[in-house]
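A.B. asks: Next come a sequence and a model predicted from it.
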Amino acid sequence: MTQTSYIPPRPVPLPTTLSLLRVMWEGDGNLLSLLPRDAYTTDIGWLGWSRRSILIVNDPAQVRHILADPDGIFPKNDLMTGAVEPLIGESIFVSSGETWRRQRRMVAPAFSNLQLSRAFAAMDAAIDAREDALDRSAVEGEAVSVDLTMSWLTADVICRTVFSAPLAPGVAQDVYEDFKIFERSAAHVELKRLILAPAFEEIPQHERVLTACARIRQHLGTMVDPHLKDDADFDDIASAVVAARDPQTGERFTREELIDQLGVFFLAGHETSASALTWAFYIAATQPDILGRIRGEITEICGDGPVAFDHMPKLIYLRNFFKEVLRLYPPITFIPRVALKDCEIGGRRVKRGAMIMVTPWTLQRHRKLWKNAETFDPDRWMPERADDIPKDAYIPFGLGPRICVGAAFASVEAALILARLLRRYDFTVTGTAKIRPVARLTTRPQDPIHATLTRRA
């Protein structure tokens, strides 16, 4: 078992004041640059100065309490929910209280129908289609955007599993570009609003953001509408959500509510996976020892035949590799909450309206919790090193009652995509010295990662 000392791209943490000045100087809405050096070592502490106060929480026990929220006083942060409302409405991703409980009652049965063995065939078909395009790029020696490729592929997987149809031509490109506009320009990443705006203030959005959100929702409506016809005959997640009734009132979702709920599945289900897979392919392409172990395991388990569903639990190193990617590059960088009333967290007095920042990025890189916290080491996930994994300090899918319902789906999807594409192609990344992670809503490279592909024998 080889040990790695590889430290992948990361921001250089600075003292609090310098971090603030850096964000102001860069002006690109990258919230990672705002995290000071202390954020990687403190258990609980105030994040600089702001009008409403921002408390960063890295203590695992307090993280569990906040995300479980037994008293209902830490809902999703109002700044974030106001920012994403034009995109996904008051969906299950942002709602709270009785509204969230109603939505959860109606949505949960749809995921009980999501048998991974059934979804696996749809994943396979999406990869088949993407390999055809990548083969052409490999023959022509054309560099591809890893970010766009992963966004396209994971969107196709979601379309086939949620809507029983392959991704329509042009939709992936449109959603990719519009989501970039949303992430870069949405009001929740504006430093002035983050620091100076009072709590619970209504958030006006920029016109270009509203236009981008409207285009995405139009695509979603096009995918939803066939499921609303009287003669519709589907057996998928969308049809289950369309047919869902509130067990207490008997009401169904309206068309707009369906776009809200299914929009969450589509956007979260492919954007978060695409984010993590982009970093996974970058690391595999630039670290030959790690790539060699991945390929050796694939050959040992799968041989030269298809990568099958039964192979998934046996690809141990590959799955550990992806776990380590999720640790260092959690797709959802921040899980913000807001205090609805005065309270106490870890001995700190917290006023109503304070922003409570649970940050997987710092929690999963915390230097007091993790050994060699910044080092990329898939072997830390081996059973014999179980003591190296701090309890409740690894939360790429969240924690508590709002944990991601698609976590198992995403893990199988990622393992299959990595196994098939890393076995088929050599990826040669260009411009590696300029790769820099940024965080707005998801953790992405600042600029797209480009690679040339070569078909392997």
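C.D. replies: Structure's in. What do you need?

A.B. asks: Quick one: low-confidence residue ranges for the stretch 151-300 of the chain.
C.D. replies: Scanning the stretch 151-300 of the chain for pLDDT under 70 picks out the ranges 186-192.

A.B. asks: What segments of it are helices?
C.D. replies: 171-185, 191-196, 207-224, 237-243, 255-286, 288-302 (DSSP state H, counting those that start in this stretch).

A.B. asks: and among these, the most buried is which?
C.D. replies: For those, the stretch with the most neighbours on average is helix 255-286, a mean of 23; neighbours defined as mean count of other C-beta atoms under 10 Å. Placement of C-beta: from N, CA and C, glycine included.

A.B. asks: and that one with helix 171-185, angle?
C.D. replies: Relative orientation of helix 255-286 versus helix 171-185 (axes from the mean of the first three to the mean of the last three C-alpha atoms, to 10 degrees): 90 degrees.

A.B. asks: Just want the angle from helix 255-286 to helix 288-302.
C.D. replies: Following the same axes, to 10 degrees, one obtains 110 degrees for the angle between helix 255-286 and helix 288-302.

A.B. asks: Do I have it right that residue 162 meets residue 234?
C.D. replies: No. Residue 162 is not in contact with residue 234 according to C-beta atoms under 8 Å; the separation is 10.1 Å.

A.B. asks: of these two, who's got more company?
C.D. replies: residue 162 (26 against 16; other C-beta atoms under 10 Å).

A.B. asks: What values do phi and psi take at residue 428?
C.D. replies: Geometry field for residue 428 lists phi and psi as phi -110, psi 110, criterion degrees, to the nearest 10.

A.B. asks: what sits against it?
C.D. replies: Residues in contact with residue 428 (C-beta atoms under 8 Å, 6 or more residues apart in numbering) are 285, 451-454.

A.B. asks: Tell me the one among the residues you listed nearest to residue 315.
C.D. replies: Proximity of those to residue 315, judged by C-beta to C-beta, is greatest for residue 285, which lies at 18.5 Å.

A.B. asks: Mind telling me what element the closest residue to that closest one other than its chain neighbours is part of?
C.D. replies: Excluding the flanking residues, the one nearest residue 285 by C-beta to C-beta, 6 or more residues apart in numbering is residue 427, at 3.9 Å. In the assignment (DSSP states H and E), residue 427 maps to strand 425-430.

A.B. asks: For that strand, buried residues please.
C.D. replies: Counting neighbours by 16 or more other C-beta atoms under 10 Å, one finds that the buried residues in strand 425-430 are 425, 427, 429.

A.B. asks: try stretch 307-319
C.D. replies: In terms of neighbour count (16+ other C-beta under 10 Å), stretch 307-319 has its buried residues at 307, 309, 311-312, 315, 317-319.

A.B. asks: May I see those arranged in TSV, with distance to residue 377 and secondary structure as well?
C.D. replies: As requested, the buried residues of stretch 307-319 are arranged in TSV below (distance: C-beta to C-beta, whole Å; DSSP: H, G, I helix; E, B strand; the rest coil):
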residue	distance to residue 377	secondary structure
307	25	coil
309	28	helix
311	24	helix
312	22	helix
315	18	coil
317	12	helix
318	15	helix
319	14	helix
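
A.B. asks: Going by distance to residue 74, which of those residues wins?
C.D. replies: Compare each of those with residue 74 using C-beta to C-beta and the shortest gap goes to residue 319, at 31.8 Å.

A.B. asks: and that closest one, what is it in contact with?
C.D. replies: Residues counted as contacts of residue 319 (C-beta under 8 Å, 6+ apart) are 312, 411, 415.

A.B. asks: what do you get for residue 445?
C.D. replies: Taking C-beta under 8 Å, 6+ apart as the contact definition, residue 445 lies against 9, 147, 278-279, 282, 435-438.

A.B. asks: Could you measure from it over to residue 355?
C.D. replies: With distances defined as C-beta to C-beta, to the nearest Å, the gap from residue 445 to residue 355 amounts to 26 Å.

A.B. asks: quick one, strands of the stretch 301-450 of the chain?
C.D. replies: 335-338, 343-345, 348-350, 355-358, 425-430, 437-439, 443-445, 450-455 (DSSP state E, counting those that start in this stretch).

A.B. asks: Give the buried residues for the second one.
C.D. replies: So the one you mean is strand 343-345. The neighbour-count criterion (16+ other C-beta under 10 Å) identifies 343, 345 as the buried residues of strand 343-345.
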